[in-house]
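S.K.: pasting a predicted model and its sequence here:
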Amino acid sequence: MLRRKDGTLFRRTERFLKEDSVYDKGNLLSVVQTILGKKERIMQLAMKHPTPFYVYDEAALDESVDRFTDAFRKEIPSFKAYYALKINHYFPIVKRVLKRGMGLDVGSVREIRIALKAGCEDIVYFSPGKTDDDITTTLEYADKIRIHIDSFNELGKLGAITNRQKRTIRAGVRIHVDFHNDWKKYGIQIMELAEKHIFFGFFPRWQFLLMQ
């Protein structure tokens, strides 16, 4: 969990979430210019290999990962970023982001297996509607996976399975609040969570770490 003793981070976050902000649309000109700057090398590859093909720029990937994580670590020294496998699970990319210090965000048992094959030791499992089999598989690798709960139904499943198997796992709860609008379909309403916090006491074998 990310925290500051003086509560500054939480106050700033709360203030930001309450603002009615209007954001400018993204400008892709810099992206296009960057790609055009690599035109000669891309054309050389096209002359050498059958097309179409994908080209991954390792140096650019490293720079993007470092710039992203460094921006947050200036404010939150303990910050750690997680790469979502759903974006692209091409194995060399997965291995590269791990080498840059990222963890992996997975959304299925298949992605869990990809993450484990890549040697990841820090995995977060986000997925609504997890089945009993999904949770059982996750428990097999509880030392490497933190599971995030999307509903009281899932919480009940996880609690029952961990109690039955006498296994402990690290867990978080995904929440939503009124200003999330359409995103309210994900997670547990924060006030409902507060009202039913006693529910957590029935499942001592999962370690509650954070809310997301």
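M.R.: Arrived safely, thanks for sending. The shown structure was predicted, so the numbers you read here are calculated from the model rather than taken from an experiment. Numbers count the residues shown, from 1 in each chain.
S.K.: make it CA atoms for all contacts and neighbour counts henceforth
M.R.: OK.
S.K.: pull the CA atoms of the longest helix along the chain into CSV?
M.R.: Among the segments of the chain that qualify as a helix by DSSP state H, the longest is helix 58-73. Output of helix 58-73 as CSV, limited to C-alpha atoms (Å, rounded to 0.1, in the frame of the first residue of the first chain):
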residue,chain,number,x,y,z
GLU,A,58,13.9,-2.1,-27.2
ALA,A,59,15.6,1.2,-26.4
ALA,A,60,12.3,3.1,-26.8
LEU,A,61,10.6,0.6,-24.5
ASP,A,62,13.2,1.0,-21.9
GLU,A,63,13.0,4.8,-22.0
SER,A,64,9.2,4.7,-21.8
VAL,A,65,9.2,2.4,-18.8
ASP,A,66,11.9,4.4,-17.0
ARG,A,67,10.2,7.7,-17.7
PHE,A,68,6.9,6.5,-16.4
THR,A,69,8.2,4.9,-13.2
ASP,A,70,10.6,7.8,-12.5
ALA,A,71,7.7,10.3,-12.7
PHE,A,72,5.8,8.6,-9.9
ARG,A,73,8.8,7.8,-7.8
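S.K.: what helices or strands is it leaning on?
M.R.: Secondary-structure packing of helix 58-73 (3 or more C-alpha pairs under 8 Å, 6 or more residues apart in numbering; DSSP states H and E): helix 91-99.
S.K.: what's the helix it packs on in contact with?
M.R.: Contact with helix 91-99 is made by 62, 65, 83, 85, 103-104, 115, 118, 120, as judged by C-alpha atoms under 8 Å, 6 or more residues apart in numbering.
S.K.: now swap in stretch 125-133 and tell me
M.R.: With C-alpha under 8 Å, 6+ apart as the test, stretch 125-133 has contacts from 105-108, 112, 145-151, 154, 157-158, 161, 186.
S.K.: can you select the buried ones from those in PyMOL?
M.R.: With 16 or more other C-alpha atoms under 10 Å as the criterion, this PyMOL line picks the buried residues out of these:
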select buried, resi 105+106+107+108+112+145+146+147+148+149+150+151+154+157+158+161
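S.K.: returning to that earlier point: buried only: go through the contacts of helix 91-99 for me.
M.R.: Among those, the ones that count as buried by 16+ other C-alpha under 10 Å are 65, 83, 85, 103-104, 115, 120.
S.K.: just give me the closest of the residues you listed to residue 32.
M.R.: The shortest approach to residue 32 among the buried ones among the contacts of helix 91-99 belongs to residue 65, at 19.1 Å (C-alpha to C-alpha).
S.K.: residue contacts, that closest one?
M.R.: If you count contacts by C-alpha under 8 Å, 6+ apart, residue 65 has them with 97, 100.
S.K.: what is the very next helix or strand once past the longest helix of the chain packed up against?
M.R.: Using DSSP states H and E, the helix or strand that directly follows helix 58-73 along the chain is strand 82-84. On a contact count with 3+ C-alpha pairs under 8 Å, 6+ apart, strand 82-84 meets strand 103-106.
S.K.: what comes into contact with the strand it packs on?
M.R.: By C-alpha under 8 Å, 6+ apart, the list of residues contacting strand 103-106 reads 80-86, 97-98, 112, 115, 120-127.
S.K.: kindly recompute the last result at 7 Å.
M.R.: By C-alpha atoms under 7 Å, 6 or more residues apart in numbering, the surrounding residues in contact with strand 103-106 are 81-85, 112, 115, 120, 122-126.
S.K.: for residue 125, grab phi and psi.
M.R.: Note on residue 125: its backbone torsions stand at phi -110, psi 110 [degrees, to the nearest 10].
S.K.: I'm done for today, thanks for sticking with me.
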